[in-house]
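1. build me a structure from this.
(2 chains)
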Amino acid sequence: MRALVLLLWLPAIASAEADAGVTVVTGARTRLPGGTSLRGTEARATPLVEHDALKAVQTFPGVGRASPGTADLVVFGAAPGETRVEIDGIEVPSLFHAGGYRSVLSSTLVKRVELEPAPIRPDVGRGLGGVVRVETTSPAQGAHAELSSDVSDSAASVGVASDEASLAAAGRIGTLSAAVSPFLRGAAADRFAIPQSWDAQLRGAWAPTARDELVLLWLSSADALSLELSSDDPALSRGREERSDSHRVGLTWRRGDSSEATSVTAWGGLDRHAINLSTPLASALLRDDRWLGGLEARWRGSPAKGVTATCGFDGLFTSSGLERDGPLTLPPREGDVVAFGEPLSDDRAVDAFRVSGLDAAVFAGLDVSLGRLSLAPGLRLAAIASDVSRRTPVVASTPSIGLSMLDFALDPRLTVAWAPSDWLTASVVGGRSHQLAEATDRSAVFGTPELHPSHGAHLVAGVLSRPMKGLAAEVTGFFRAANGLAVRDPAVGARLAQVLLQSGEGRAMGVNVAARLTWRELAGSVTYTLGRSERRQAPDQPWRLADFDQTHVLSAAASHSWRGWHLGARARWASGLPRTPVEAGTFDVRRGVYEPVFGPRSSTRLPDFFQLDLEAGRTFTLGRWWLELSLEVFNVTNRANVEEWVYDSAFSRRGALTGLPAFGTVGVRGGF
Amino acid sequence: MRRGLPLLLAAAACAPPVVDEPWLIDAARVLAVTVEPPEAPPGARISLRAFVAAPGGQLDSAELHWAPCEQPRPFSQNESVNPACIGRLADAPGAGLTTVVALAIDVCARFGPDAPSEGVRPRDADATGGFYQPVGVRLDDAASFAFVRLWCRPAGISLDLAQAWARAARPNTTPTFTLLAAIAGHPARFEALPAGAAIDLFADWSSSPEELYVLVAPGSGTLQTATERYDVSWFVTTGTITSARSSSGTGRWQLPAEPGEGTLWAVLRDDRGGVAVRATSARWR
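-> As a prediction, the model looks like this:
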């Protein structure tokens, strides 16, 4: 029995600390390399994030520049869909609203935001990439309110707190569409699609005793996008409508003190997502309504001096109802060779199916301090059950035969840290992880019902140096590999109900250098990532650049505060994303449209991206009341960053879609 | 874990447009290929005729290279022709504006709804329930593909449904123009148009009453009746076309201010691969 208890011990929950704002996540004893952790107030003060605390994640070391107009997070070379995001232990589909312009959580509720380059601790599962963890907070005692408005949105938050209880509510509605659309004319009006977004949160906390706390959290967010691309040739015009909304409600009970802690979180939610593409020649529909439920229970304690243990259980249940209609190639997936604006295939397949899944795991680990050396071994054992309503496509009146699968995953993790001096720490982590197949891929018509979880392994090593007060620098090397990724079958004759193969492999490697200096009211940071992300169709196939690969990502930011004034600047440089060149067009006589003929796959890139942004703000205070006016100017150099190649209808001429020119936004915030 | 909504276009506010004049015949090109019959069963012989437009007008002869495509595209590919067929077209022997192709006996297994072998996924029909074999035609370095619609019995459906389909389904027929007219404020002859004027173009075709056809609705296992839709594309050797393609058969041709002459083409397409072409010379002064 004693052995069983020991097996379930887990390393201490890493308590993040912002070390002079540097990108540091330290465990209770064992330091985790490459991670970033910021308090909410620090994240909100990050230059050029428009006071949106979670947008600071886009500037964290190791985070690539998202594909333009997406909410993707590319963390240390991992694919966007591989990074897990959770708010108070509740898994959410994305950290950002559509387009990545805004996060889905009010900054007033953010206590801390952390990014880990990989699932390092054994209590983290169900993702091959990075981990973004947000911790919410109660308002300070008393009554508080905040109103803000800028080009992007208008937001309000209120909170009231006493010694024992607190209640906070926040909401935000996007105004970007209303603010920008009147200034767009002609082709720009067609192409500049701005989502209509809103989000709302409610958080209640009650501490019935000095050791207990109950937290109720409700999160909702929604995005809608409607786009009509007109063309003189109606065959080339297209419409796109996307709607998504996500809702969560969770209850957390925590009991503990500095030596021992127990927590239980139960949550449920609904995610809905629909895409409707239409052209005169073809259309496509994808609808995914997904119910989710999660449960996590954990215990942390110190059974002996220098030893911290954690053990627990977590599980995620999902039930999706899906509809797909259109060609197999829509929506595109990683690895697809496509040209922007090319005609859709007019093949039409239809499927309606259900996918349910349960990923339940027990985890345990230790965090052992041996002087300047610390070790944190951990283990995670997961059972993954899934059920698909149809194993094969509908044929005549054959009754549907479902498919049930059960997989197991054993994911060991180990962290070793060595601190030879007070100003130098070296650490290395390694481990395995797994991720469930996407429900949308498990169609008997569009995909493969029998998709098992994909697996990955990671190795991250870093050296953190703090040679003087206010200065910290870290070098982090990373390598990650994944196998069992779902990829399209490139053969002419795919097997029935096996359009996707699980032979795909991925790997990413690189190094990140980050430094931050804080001196009086001046703060500056520089982060640079040299990386390479690759994919291949199967183990016997050559590697190619992943669609999200970025060789160089450099970001530098500085801010200065003085007598209520605030000045900030940020510069970003990133390699362009890989592209497959179009060498010619073939004329489809039947439909009267041209289709592209591609050159070597991923053999070119978009031009490098560079942008310089500036901000200035002034805060006025009068008693408890405060008012802040801010001005942010983006793309100060008015550089025409190429975001995509576009072609004429015959694919004989190439042009460029460029990003926004220099533009400024004015914001006002106030509250008490 | 869901991918964010891709809003690539959001970043394209200030995109300089790519010059795109698909209606302008500034070099010789295959404008259309008519297929007779436009829908045929396995083993049938099909006649194809290419219409080549050039800045000087429609060509009565040209060296074209024809090659039927025998390989369907991979399911992973969005484009409608297997790249191997594009490559094969480069080596195709020279011929004239016409060719004859014999459909293979197993064409419905290769390009149609029949599974090529046990456990292999059949192809998907287009929105009209059609399956097609591509036939490549090359003019100089420019590759075009005509598509022969295959008369294949739907597969994977109940016997009752198959019988109902057999009773109701009819192969497609080639549409024909019945009218091509120019209106410059008033009906005008193409040989005497006013220079610099905006000419309203109007075409009509043999589709009255509306042509109906049946297809097996994918996923539902029911027979569905659909109405054939048509559109007309306009091409000219000079001037400017607005509304270069329309389902109403209309278009507008802005003539040059200087007197001159040119050629106008109208290409009529129906939903199921039927094509008709009409060319006319025009003069303006």
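
2. C-alpha from now on. contacts and neighbour counts both.
-> Noted.

3. got a list of what residue A:651 touches?
-> A:582-585, A:594-596 (Cα atoms under 8 Å, 6 or more residues apart in numbering or on different chains).

4. that one sits in which helix or strand?
-> Using DSSP states H and E, residue A:651 falls within no helix or strand.

5. quick one: secondary structure of residue B:48?
-> strand (DSSP: H, G, I helix; E, B strand; the rest coil).

6. just the buried residues of the contacts of residue A:651.
-> Buried by 16 or more other Cα atoms under 10 Å in any protein chain shown: A:582, A:584-585, A:594-596, out of the contacts of residue A:651.

7. up against chain B, what does the stretch 301-450 of chain A have?
-> Proximity of the stretch 301-450 of chain A to chain B (Cα under 8 Å from any Cα of the partner chain) is limited to residues A:328-329, A:336, A:338, A:344-351, A:394-397.

8. the closest residue to residue A:246 other than its chain neighbours: neighbour count?
-> Nearest non-adjacent residue to residue A:246, counting by Cα to Cα, 6 or more residues apart in numbering or on different chains: residue A:271, 4.4 Å away. By other Cα atoms under 10 Å in any protein chain shown, 21 other residues sit near residue A:271.

9. contacts only, for residue A:271.
-> The neighbours of residue A:271, taking Cα under 8 Å, 6+ apart as the test, are A:93, A:244-247, A:288-292.

10. pretty sure it sits in a helix.
-> No - counting by three-state DSSP, one finds residue A:271 to be strand, located in no helix.

11. for chain A, which residue is closest to the average position?
-> residue A:73 (4.1 Å; Cα atoms, centre = their mean).

12. chain B: which of the buried ones among the contacts of residue A:651 is nearest?
-> Looking at the buried ones among the contacts of residue A:651 and their distance to chain B, the nearest is residue A:595, at 6.3 Å (Cα to the nearest Cα).

13. show me the beta-bridge partners of that closest one.
-> residue A:586 (DSSP bridges).

14. that one against residue A:586, yeah?
-> Yes - between residue A:595 and residue A:586 there is a contact under Cα atoms under 8 Å: 5.3 Å.

15. what residues are shared contacts of the two?
-> Residues touching both residue A:595 and residue A:586 (Cα under 8 Å, 6+ apart) are residue A:650.

16. which parts of the stretch 151-285 of chain B are strands?
-> In the stretch 151-285 of chain B, the strands defined using DSSP state E, counting those that start in this stretch lie at B:177-183, B:187-188, B:198-205, B:212-217, B:222-227, B:230-236, B:240-242, B:245-246, B:250-254, B:260-270, B:275-284.

17. point out the most buried one among those.
-> Across the strands of the stretch 151-285 of chain B, averaging neighbours per residue (mean count of other Cα atoms under 10 Å in any protein chain shown) puts strand B:230-236 on top, at a mean of 24.

18. could you give the number of residues near the closest residue to chain A within the stretch 151-285 of chain B?
-> Ranked by Cα to the nearest Cα, the top residue of the stretch 151-285 of chain B for proximity to chain A is residue B:157, at 3.8 Å. Residue B:157 has 21 neighbours, counted by other Cα under 10 Å.

19. got it, and the one 5 residues further on?
-> Burial of residue B:162, expressed as a neighbour count using other Cα under 10 Å, amounts to 18.

20. next, the contact list for it, please.
-> By Cα under 8 Å, 6+ apart, the neighbours of residue B:162 are B:153-154.

21. and the gap between it and residue B:132?
-> Remark: distance between residue B:162 and residue B:132 (Cα to Cα, to the nearest Å) = 20 Å.

22. same deal with residue A:431?
-> Here the criterion is Cα to Cα. By it, residue A:431 lies 50 Å from residue B:132.

23. residue boundaries of the helices in the chain?
-> All of this refers to chain A. A:2-7, A:40-44, A:176-180, A:186-191 (DSSP state H).

24. I was after chain B.
-> Using DSSP H, the helices found in chain B span residues B:83-89, B:107-110, B:159-168.

25. tell me the most buried of these?
-> helix B:107-110 (a mean of 22).

26. what mean pLDDT does that one get?
-> Averaging the model's pLDDT scores along helix B:107-110 yields 96.

27. same question, stretch A:172-184
-> Mean per-residue pLDDT for stretch A:172-184: 75.

28. do the same with stretch A:308-318
-> The predicted model gives stretch A:308-318 an average pLDDT of 96.

29. ok now that stretch, how far from the chain's centre?
-> Here stretch A:308-318 shows a centroid-to-chain-centroid distance of 21 Å under the convention Cα atoms, centre = their mean, to the nearest Å.

30. just the residues contacting that stretch, thanks.
-> Here stretch A:308-318 makes contact (Cα under 8 Å, 6+ apart) with A:8-13, A:123, A:290-303, A:355-368.

31. beta partners for the spatially closest residue to residue B:187 that is not a sequence neighbour?
-> Distances taken as Cα to Cα, 6+ apart place residue B:181 nearest to residue B:187, at 7.4 Å, with adjacent residues excluded. Counting by DSSP bridges, residue B:181 forms beta bridges with residue B:202.

32. check contacts around residue B:181.
-> B:187-190, B:201-203.
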